[in-house]
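Participant: here is my input; please provide its structure:
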Amino acid sequence: MSRLIQSTQNPLVKFALQLLKANHRAEQRLFLVYGWREIALALKNGQTPKTIFLPTQYDDRNSNWSGTILEYAPTSTIVYASDEVIEKLCYGDMRNEPVGVFVKPEWNLDRLPSSVPAPLIAILDQIEKPGNVGAMLRTADASGVTAVIATNPRCDPLNPNAIRSSRGSIFTVPVAVASLSDTSEWLQRFGIRVYATRVDATRTYSDFDYRGPTAFLFGNESLGLSDSWNDIATESIKLPMLGQADSLNVSNTAAVLFYEALRQRSVAS
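Facilitator: Below is the predicted model:
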């Protein structure tokens, strides 16, 4: 067994806890990942670990994920931690799960797939709630979205809660963080039609054909899309609202649109 950490005052533990703060993550160029599945997917998809705290005991339900962690993580990065240390590192209702410290990747537009014949892109503009970011990434993975672009994000996509909400899908879908202007140039270069979701749009999402190069654009939860997108978006679309509410949660809207695109493309093939 690798070395065992039993004290919550251990320097590695104290350092990891500092990364709960966004400014420390930015300074250190590191981020936290919680959970068996999430850490395994991070490792399997090329993320670089610095330290992985493993509990000394775990049940058989997590044996596949623990096996992946031990297979992909360099031995030098693994430390075992007592129950007291794991409890200190974890948050909420997490129990007996690992915590990983990873090197923050360079997620720019150049890393996105460029040879896909009909890409399906999700643009998250100034989304601020980690739960929404995570849910949208999880649905993007499930529905075959080609890539996700976060423009001027108010929530760091590598926020621990966003990662946890994505169930690790943030590591399985290509993600880029970019400015609005750089994103606009990238979309034009690849001839991608942009469909902006707006509550005041006059046409519904089912009026359009999403089988070609397509991007769905989602705005801030409370403020919506800025006027800067007006000349970039090809069309404005909405979901029909039959009750008294005037809009859906942005992650629910994303799920409807992603699966409509998948349905159209499945029928076409």
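
Participant: Tyr210 touches Tyr259, doesn't it?
Facilitator: No - Tyr210 sits out of contact with Tyr259 when judged by C-beta atoms under 8 Å, with a separation of 10.6 Å. Where C-beta positions appear, they are placed from N, C-alpha and C, glycine not excepted.

Participant: those two - which one has more neighbours?
Facilitator: It is Tyr210, of Tyr210 and Tyr259, that has more neighbours when counted by other C-beta atoms under 10 Å, with 21 against 15.

Participant: could you look up the SS state of the more buried one?
Facilitator: Three-state call for Tyr210 (DSSP: H, G, I helix; E, B strand; the rest coil): coil.

Participant: residue closest to the middle of the chain?
Facilitator: Residue closest to the mean C-alpha point of the chain, counted by C-alpha atoms, centre = their mean, is Ile170 at 3.5 Å.

Participant: show me the residues around it that make contact.
Facilitator: Ile170 makes contact with Gly134, Leu137, Pro157, Leu158, Ala162, Ile163, according to C-beta atoms under 8 Å, 6 or more residues apart in numbering.

Participant: so what does it look like in phi/psi?
Facilitator: phi -60, psi -20 (degrees, to the nearest 10).

Participant: which parts of the stretch 101-250 of the chain are strands?
Facilitator: Taking DSSP state E, counting those that start in this stretch to define them, one finds strands in the stretch 101-250 of the chain at 120-125, 147-151, 175-178, 193-197, 214-218, 235-237.

Participant: helices of the protein, start to end?
Facilitator: When secondary structure is read from DSSP state H, the chain shows helices at 11-18, 22-28, 36-44, 63-72, 83-89, 130-143, 160-166, 180-189, 250-268.

Participant: of the ones you listed, which is nearest Asn220?
Facilitator: Nearest to Asn220 among the helices of the chain is helix 250-268 (8.5 Å), distances taken as C-beta to C-beta.
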